[in-house]
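Undergrad: Quick one: sequence and predicted model below, then my questions.
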Amino acid sequence: MNSTLSGYGWDSTLDTDFAPHAARGLVPARVLRVHGTLCDAITGEGPVRADISPVTSPDPTRWVCTGDWAALDTTGDPVLVRALLPRRSAIVRNGSSKRSDGQVLAANVDHVVVAVSLATDPDLGRVERFLALAWESGAQPLVALTKSDLVPEPQLGHLVADTQDAAPGVPVFAVSAATGAGLGALTACLTGGTTVLLGQSGTGKSTLANVLTGRDTQLVRTIRDADGKGRHTTTSRDLLPVPGGGVVIDTPGLRGVGMYDAESGVERVFTEIEELARECRFHDCAHTAEPGCAVLGAVEDGELAQRRLDSYRKLLRENAWIASRTDARLRAEQRREWKRRAAVGQARSAAKRGGA
């Protein structure tokens, strides 16, 4: 196994996947970033720039993106991407509010860090959206509440608790690049594998990328004093190596986070509602006005926040609209394959850590 590529996540499963391409004399590479019809990629011999036109597809979810593993033809000028290897996971959002096209934000991801700035009050509904996409991909989500030095105790503790309520089963870390608080605990969870950083502009994603890589690779600007928002500093999705193994993908700030076939992801975000729904009198209860609805009963008793139920309904409605406009069978097959490959990759990573 090539030592350069192994540092970017290459393993024996990819060896098997690549065998047919190797027989054709093609070269394995991982996509670092995409520029229109070109991409920067890393091979066993070093970085190259390649033309992605040969693998252009009418399906946007099959477009080349950061994190993809590719088969390159390096015999001519320009270097050409001839094929993409099957993805283990993919972060997919709805690419447009008026259409139902999916947009892949990153591929072959093990961890998704949702960055949320504490310079302003966190938007928990947006956090839930990001987490639904992360769970759906098959990757493990985490939440990083950045700029925690701006919030005094006990308010910080309350904000962490509120975020934990909105993120069941997801580790939540309050971190500060200024003081270093919480960064050790966060980075310890991201050893090895591929981590993608998601969030709005000004949430500190590029700062986290610099912490993880151990160098000032990504440009960072200060937030605006007036509203606590940041200016766009990352303009492309960049895959960066992490000392000691693994890679991190920094992404531009996302204004819109549309659902794209993320029903199971939504269910993971709202596990308490799914559990309550099993106690409803009717198995197809919509949790609106039905008699014997355990979900509405929990809201009335104060056990479930109305905000959570409203958010749950909104995301399911949005997801159902998208699903009605796309091919559910093909998406479901693709999602099962991503999750199967993600499980294989995670098992291999765990075995490596256990043997280290």
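TA: Nice, thanks for sending it over. Computed from a predicted model, the values in this text were never measured in an experiment.
Undergrad: which residue ranges form the strands in the stretch 1-150 of the chain?
TA: Using DSSP state E, counting those that start in this stretch, the strands found in the stretch 1-150 of the chain span residues 27-35, 38-43, 46-51, 69-73, 79-84, 90-94, 102-107, 111-117, 140-146.
Undergrad: Show the contacting residues for Arg237.
TA: For Arg237, the contact set (Cβ atoms under 8 Å, 6 or more residues apart in numbering) comprises 33-34, 65-67, 105-106, 249-252. For every residue, glycine as well, the C-beta is placed using N, CA and C.
Undergrad: right, and the pair among those with maximum separation?
TA: Largest separation among the contacts of Arg237 by Cβ to Cβ: Gly67 and Pro252, giving 14.8 Å.
Undergrad: Among these two, which residue is more densely surrounded?
TA: Gly67 (28 against 17; other Cβ atoms under 10 Å).
Undergrad: Let's see the pLDDT reported for the more buried one.
TA: Gly67 carries a pLDDT score of 97 in this model.
Undergrad: Now for the residue lying closest to Arg237 once chain neighbours are set aside: which residues touch it?
TA: The shortest distance from Arg237 to any non-neighbouring residue, by Cβ to Cβ, 6 or more residues apart in numbering, is to Thr66 (3.9 Å). By Cβ under 8 Å, 6+ apart, Thr66 lies in contact with 31-34, 106-107, 236-239, 249.
Undergrad: Could you find the lowest-pLDDT member of these?
TA: For the contacts of Thr66, the pLDDT minimum is Ser236, 74.
Undergrad: right, and it touches Val34 too?
TA: Yes. With contact defined as Cβ atoms under 8 Å, Ser236 reaches Val34; the gap is 7.1 Å.
Undergrad: Looking at these two, which is more packed in?
TA: Val34 (18 against 13).
Undergrad: Contacts only, for the more buried one.
TA: Residues in contact with Val34, defined by Cβ under 8 Å, 6+ apart, are 52, 64-66, 236-237.
Undergrad: From these, pick the one nearest Ser6.
TA: Thr66 (18.8 Å).
Undergrad: Quick check: that closest one vs Leu14, distance?
TA: Going from Thr66 to Leu14 by Cβ to Cβ, to the nearest Å gives 17 Å.
Undergrad: Same check on Pro47?
TA: 19 Å.
Undergrad: Pick out whichever of those two has more residues nearby.
TA: Shown here are Pro47 and Leu14; by other Cβ under 10 Å, Leu14 has more neighbours (22 against 11).
Undergrad: excluding its backbone neighbours, what's nearest the residue most central in space within the chain?
TA: Nearest residue to the geometric centre of the chain (Cα atoms, centre = their mean): Val112, 4.1 Å. Spatial nearest neighbour of Val112, excluding adjacent residues (Cβ to Cβ, 6+ apart): Ala134 at 3.8 Å.
Undergrad: Just give the number of residues close to that neighbour.
TA: 28.
Undergrad: per-residue confidence for it?
TA: Ala134 is assigned 94 on the pLDDT scale.
Undergrad: can you check Gln218 too?
TA: The predicted local confidence for Gln218 is 57.
Undergrad: and if you look at Leu316?
TA: So Leu316 comes in at 90 (pLDDT).
Undergrad: cool, Gln346 as well?
TA: At Gln346, the model reports a pLDDT of 74.
Undergrad: and if you look at Pro60?
TA: On pLDDT, Pro60 comes in at 87.
Undergrad: what do you get for Arg325?
TA: 66.
Undergrad: Next: Arg336.
TA: pLDDT recorded at Arg336 is 73.
Undergrad: For it, what are phi and psi?
TA: Backbone torsions of Arg336, given as degrees, to the nearest 10, read phi -60, psi -40.
Undergrad: How many neighbouring residues does it have?
TA: With other Cβ under 10 Å as criterion, Arg336 counts 11.
Undergrad: try Asp123
TA: Asp123 is flanked by 13 other residues according to other Cβ under 10 Å.
Undergrad: That one: what's it in contact with?
TA: Contacts of Asp123 by Cβ under 8 Å, 6+ apart are Val116.
Undergrad: Next one: it from Ser89, what distance?
TA: Distance of Asp123 to Ser89, given as Cβ to Cβ: 25 Å.
Undergrad: surely Val109 meets Ile91?
TA: Yes. Counting by Cβ under 8 Å, Val109 sits close enough to Ile91 to count as a contact (6.1 Å).
Undergrad: in the stretch 201-350 of the chain, which spans are strands?
TA: Here the stretch 201-350 of the chain has its strands, by DSSP E, counting those that start in this stretch, at 238-241, 247-250.
Undergrad: Glu337: which of the ones you listed is closest?
TA: From the strands of the stretch 201-350 of the chain, taking Cβ to Cβ, the stretch that ends up closest is strand 247-250, at 20.7 Å.
Undergrad: Strand partners (parallel or antiparallel) of the closest one?
TA: strand 194-198 (parallel), strand 238-241 (antiparallel) (DSSP bridges).
Undergrad: and among the ones you listed, the most buried is which?
TA: Most buried of the strands paired with strand 247-250, by mean neighbour count (mean count of other Cβ atoms under 10 Å): strand 194-198, with a mean of 28.
Undergrad: what residues are up against Arg308?
TA: Contacts of Arg308 by Cβ under 8 Å, 6+ apart are 165-166, 270, 272-273.
Undergrad: And those residues, which is closest to Ser6?
TA: Ala166 (37.1 Å).
Undergrad: Let me know the distance separating the closest one from Val172.
TA: Counting by Cβ to Cβ, the gap between Ala166 and Val172 amounts to 9 Å.
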